[in-house]
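Trainee: I'd like to go over a predicted model; first the sequence, then the structure.
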Amino acid sequence: MLALRLIQEGRTELVEMAAPPAPPPGQIQVRMKTVALNHIDVWGLRGMAFAKRKLPLTVAVEGAAEVVALGDGVTSHKIGDRVAIYAGVTCGHCKRCLKGQENLCENIAGIMGFHIDGLAAQLINLDPRQAIPIPDGVNDVDAACATTTFGTVEHMLFENAKLEAGETVLIQAGGSGIGTTAIRMAKQAGAYVFTTVGSDEKIQKVLDLGADVAINYNKDRFESIVRRATDKKGVDIVFEHVGPDTWAKSLFCLKRGGRLVTCGSTTGVSAETNLFQLFQMQLRIFGSFGANFANIRSGLQKMAGGLRPVIDSEIELGDIGTALRRMQSRDLFGKIVAHVPK
Ligand SMILES: [Zn+2]
């Protein structure tokens, strides 16, 4: 079978490798149809891996597939089921898993596509718990964005920041995969949305997605605009994933008791925090990584209801290397989804 492998940091290759054997008892085999790209894939490429891993490694952490074989004892799925794949290999029986907090699993065996082989392969054996049914009406390209993109945004906005109707939100990097999704989800939840983008060209695009105010952070000071527009009070929630370039200003945009939720740091890993501001303003900071199964099911239901991911482009599996470099340069709007050859 074909798989896209990270051969060394910075170099991926489409290679022929042995297909997995028939699924062992308790596992299923899926045929991958699509995979979506994420910044976690770029971190790998940039050699910013914060965990030990062995190369070569199959890339990609989210995608959509079809069940093609069942191991003995599997009754949860049937052949032909369309499923979105959850990359975290969780145990299913620790305290966190039993509480539905799978992304805090105490015995996690790794994240596929990051610590262990990922989803950019034609055939994969996995735990059926990782295969979440795709509702009717959701296509394979959109479904590829369910587990990491939609799941992460669900987890950030609703599980962590507890966004409510009528609240104000600042979404950083609104043109990115999670930024575009966050704009749509926050608007659907009844929020007033400020967002930042890196070019004038993206301003109209984020306004078309429903954002109320769009700011080109390369030209204008977003923190001044946000504070002026909120009578100097600030917003209820900041949705962060940029890091040092925006961190201090993001905190400055929060109102008293405001919440900042972050799931990434695409501009570096260390930033300064004004501690006086943190406690005096009673700010709350949430670190968010991945999603639990309930977040993914909820995201898939939203897709079925018409809230779709923004797709920048559809590519072939072998072009992922080029696409990841495009992601690094931020020359995109929404998600890049690759088709896995049959
Ligand atoms: Zn667990």
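Mentor: Good, I have the coordinates.
Trainee: quick one: average pLDDT of stretch 283-293?
Mentor: Stretch 283-293 comes out with an average pLDDT of 96.
Trainee: run a quick neighbour tally on the closest residue to the ion within the stretch 151-300 of the chain.
Mentor: For the stretch 151-300 of the chain and the ion, the shortest gap (Cβ to the ion) falls at residue 292, measuring 11.0 Å. All C-beta spots, glycine's among them, are computed from the backbone N, C-alpha and C. By other Cβ atoms under 10 Å, 24 other residues sit near residue 292.
Trainee: next, the contact list for it, please.
Mentor: 100, 101, 102, 103, 151, 155, 159 (Cβ atoms under 8 Å, 6 or more residues apart in numbering).
Trainee: cool, and residue 147?
Mentor: Neighbours of residue 147 in contact, by Cβ under 8 Å, 6+ apart: 61, 62, 84, 85, 86, 87, 132, 291, 296.
Trainee: element containing the third one, please.
Mentor: What that stands for is residue 84. Under the criterion of DSSP states H and E, residue 84 resides in strand 82-85.
Trainee: tell me the strands beside that strand, with direction?
Mentor: In the sheet, strand 82-85 lines up against strand 62-70 (antiparallel), strand 131-133 (antiparallel) (DSSP bridges).
Trainee: hang on, the earlier thing: can you list the contacts of residue 147 in CSV and add neighbour count and distance to residue 53?
Mentor: Formatted as CSV, these follow (neighbours: other Cβ atoms under 10 Å; distance: Cβ to Cβ, whole Å):
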residue, neighbour count, distance to residue 53
61, 25, 13
62, 32, 18
84, 31, 24
85, 27, 19
86, 28, 19
87, 24, 13
132, 20, 25
291, 28, 21
296, 24, 24
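Trainee: returning to what we had before: and the residue of the stretch 151-300 of the chain closest to the ion, how far is that from residue 215?
Mentor: 32 Å (Cβ to Cβ, to the nearest Å).
Trainee: now do the domain split for this protein, please.
Mentor: 2-145+309-339, 152-287 (automatic domain parsing).
Trainee: rank those domains by pLDDT, which is bottom?
Mentor: Among these, domain 2-145+309-339 carries the lowest mean pLDDT (a mean of 91).
Trainee: can you report how many residues neighbour residue 252?
Mentor: 17.
Trainee: equivalent analysis for residue 142, please.
Mentor: Quick note: residue 142 (other Cβ under 10 Å) scores 25 neighbours.
Trainee: secondary structure element holding the nearest residue to residue 175 once chain neighbours are set aside?
Mentor: With Cβ to Cβ, 6 or more residues apart in numbering as the criterion, residue 175 has its nearest non-adjacent residue at 4.4 Å, and that residue is residue 202. Per DSSP H and E: residue 202 is located in helix 200-208.
Trainee: what of residue 324?
Mentor: Per DSSP H and E: helix 320-328 holds residue 324.
Trainee: just to check, residue 34 is in contact with residue 142?
Mentor: No. Using Cβ atoms under 8 Å, residue 34 is not in contact with residue 142, being 9.1 Å away.
Trainee: and the residue in the stretch 101-250 of the chain positioned nearest to the ion, how close does it get to residue 301?
Mentor: Of all residues in the stretch 101-250 of the chain, residue 105 sits closest to the ion, at 3.3 Å by Cβ to the ion. The gap separating residue 105 from residue 301 is 23 Å, by Cβ to Cβ.
Trainee: dihedrals phi and psi, the residue nearest to the spatial centre of the chain?
Mentor: Centroid-nearest residue in the chain, with Cα atoms, centre = their mean: residue 149, separated by 3.0 Å. Per-residue torsions, residue 149: phi -70, psi -60 (degrees, to the nearest 10).
Trainee: surely it touches residue 38?
Mentor: Yes. Contact criterion Cβ under 8 Å: residue 149 and residue 38 qualify, at 7.2 Å.
Trainee: give me the common contacts of those two.
Mentor: With Cβ under 8 Å, 6+ apart as the test, residue 149 and residue 38 both reach 62, 177.
Trainee: so which of the strands paired with strand 82-85 is nearest the ion?
Mentor: strand 131-133 (16.6 Å).
Trainee: excluding its backbone neighbours, what's nearest residue 147?
Mentor: That would be residue 62: by Cβ to Cβ, 6+ apart, it lies 4.5 Å from residue 147.
Trainee: this protein against the ion: which residues are in contact?
Mentor: By Cβ under 5 Å from the ion, the residues of the chain that approach the ion are 90, 91, 94, 97, 105.
Trainee: again, 8 Å this time
Mentor: 90-98, 102, 105-108 (Cβ under 8 Å from the ion).
Trainee: any chance of those residues in TSV, plus distance to residue 331 and neighbour count?
Mentor: What follows is the residues of the chain next to the ion, written out as TSV (distance: Cβ to Cβ, whole Å; neighbours: other Cβ atoms under 10 Å):
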residue	distance to residue 331	neighbour count
90	35	25
91	40	16
92	40	12
93	44	11
94	41	16
95	44	10
96	38	18
97	39	21
98	43	11
102	34	25
105	36	19
106	40	12
107	40	12
108	33	18
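Trainee: hmm, residue 291 is touching residue 154, no?
Mentor: Yes. Here residue 291 reaches residue 154: they are 6.1 Å apart, a contact under Cβ under 8 Å.
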